[in-house]
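Colleague: Everything below, folded, please.
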Amino acid sequence: MKRTIKEALKRASFCLREAGIENPRAESELLLANILGIDRLRLLTAQKELLTDPDYRKFENSLKRRANHEPLAYITGEKYFYGRPFVIKPEVLIPRPETELLIDQAKGWVKGNTDFVQGGLRVLDLGTGSGVLAITLALELPFAEVWAVDIAPAALNLAGQNASLFNLGERVKFLQGSYFDPLGCINPAPRFNLIVSNPPYISAAELDRLPASVVRFEPRNALYGGEDGLECYRAILKKISLYVEPPAMLVVEIGSTQAQAVTALFKKSGLFRLIGCRRDLANHPRAILALL
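Modeller: Numbers count the residues shown, from 1 in each chain. Sure thing, here's the model as predicted:
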């Protein structure tokens, strides 16, 4: 039995609503538009068109995955970040809108240091994952030299794929390893003016309280930050002095309850002349900025 787009979306919305998915109609439209290779506006103007059997079967399969609470980005293979579409796979954390705050803060700081506009700005992204931070900074700061590090080969492969999508070529240099470790074998040691990171910061106590879509599907090594959620910040602070060239700024994402603890770690290190916290659009503490 052939179904129109309108009929398919009506049934899909009901199925997702029954599964407890928020915004079932919108997600149904996104799933079907992705399968048909069109945008949602075109989908809404084609309500009376019939779906082919292969497309309907693909849609049914996507609905089953979403009803099982698999994240939408893993099903469609795409997520927008800072207004740009990135390829996303289950090997990497799905970019969140609040992480865009790191880009805003980095750009604001660079704008206040006009010497960098003439060149000489070197940027490092620690734990790059899908590459959204490194790639976005390379696009937003075309005069910068950008490096990105990740411990997972699969993540680096995907980040490289995303860099190619934006024709960045050699603009972003990818290295495999844990935080600063892959820089240790480079002589002379590279030094950076801007270091950004969205590290794993979920504590053991918080891990079990995350939504099922996160716990069951997103990579644990991109979430878990040790017993207290602060291990990655300690790892960054341990070696950062070897790889910075003042004026420099470190900007890291934090959990909404971690501002005090992370700020205390930064102060204890004695490395920074100024430390600040920035809030996201939901008014949660989300980024720590530290100037050297």
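Colleague: Which strand or helix spans the residue nearest the centre of the chain?
Modeller: For the chain, the residue nearest the mean C-alpha position is residue 95 (2.9 Å; Cα atoms, centre = their mean). For residue 95, there is no helix or strand it lies in under DSSP states H and E.
Colleague: and if you look at residue 205?
Modeller: Going by DSSP H and E, residue 205 is in helix 204-207.
Colleague: who touches that helix?
Modeller: 215, 223, 224, 226, 227, 228, 229, 255 (Cβ atoms under 8 Å, 6 or more residues apart in numbering). To be clear about C-beta, it is placed using only N, CA and C from the backbone, and glycine gets the same treatment.
Colleague: Would you check which pair of these lies furthest apart?
Modeller: Farthest-apart pair in these is 215 and 228; separation 18.9 Å (Cβ to Cβ).
Colleague: mean confidence for stretch 70-87?
Modeller: On average, the pLDDT along stretch 70-87 is 96.
Colleague: Over to stretch 17-30?
Modeller: For stretch 17-30, the mean per-residue pLDDT is 92.
Colleague: same check, this time on stretch 179-191
Modeller: Averaging pLDDT residue by residue across stretch 179-191 gives 92.
Colleague: Figure out how far that stretch is from the centre of its chain.
Modeller: Stretch 179-191 has its C-alpha centroid displaced from the chain centroid by 24 Å (Cα atoms, centre = their mean, to the nearest Å).
Colleague: Next, the buried residues of it.
Modeller: Neighbour-count burial for stretch 179-191 flags 179, 180, 182, 183, 190 (criterion: 16 or more other Cβ atoms under 10 Å).
Colleague: Also stretch 46-53?
Modeller: 46, 51.
Colleague: mind checking how far residue 123 is from residue 103?
Modeller: Separation of residue 123 from residue 103 (Cβ to Cβ, to the nearest Å) stands at 11 Å.
Colleague: The two: which has the busier surroundings?
Modeller: Higher neighbour count among residue 123 and residue 103: residue 123, with 23 against 20, using other Cβ atoms under 10 Å.
Colleague: Surely that one is in a strand?
Modeller: Yes - in this structure, residue 123 lies within a strand as judged by DSSP: H, G, I helix; E, B strand; the rest coil.
Colleague: need the contact list for it.
Modeller: Shown in contact with residue 123 (Cβ under 8 Å, 6+ apart): 106, 134, 137-138, 141, 144-147, 192-196.
Colleague: would you turn these into CSV with neighbour count?
Modeller: Shown next, in CSV, are the contacts of residue 123 (neighbours: other Cβ atoms under 10 Å):
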residue, neighbour count
106, 24
134, 29
137, 25
138, 21
141, 20
144, 22
145, 19
146, 28
147, 21
192, 22
193, 23
194, 25
195, 25
196, 28
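Colleague: I'd like the list of those that fall within strands, please.
Modeller: Counting by DSSP state E, those place 145, 146, 147, 192, 193, 194, 195, 196 in strands.
Colleague: got the residue ranges for the strands in the protein?
Modeller: Under the criterion DSSP E, strands of the chain are mapped to 78-81, 84-87, 122-126, 145-150, 172-176, 192-197, 244-253, 274-279, 285-291.
Colleague: The longest one: which residues count as buried?
Modeller: Which is strand 244-253. So, applying 16+ other Cβ under 10 Å, buried residues of strand 244-253: 244, 248, 249, 250, 251, 252, 253.
Colleague: Could you dump those residues into a markdown table with pLDDT and distance to residue 85 added?
Modeller: Formatted as a markdown table, the buried residues of strand 244-253 follow (pLDDT from 0 to 100; distance: Cβ to Cβ, whole Å):
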| residue | pLDDT | distance to residue 85 |
| --- | --- | --- |
| 244 | 94 | 33 |
| 248 | 93 | 31 |
| 249 | 96 | 28 |
| 250 | 97 | 28 |
| 251 | 98 | 24 |
| 252 | 97 | 25 |
| 253 | 97 | 21 |
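Colleague: Closest one of the residues you listed to residue 167?
Modeller: residue 251 (26.2 Å).
Colleague: Mind listing the residues bridging to the closest one?
Modeller: residue 196, residue 289 (DSSP bridges).
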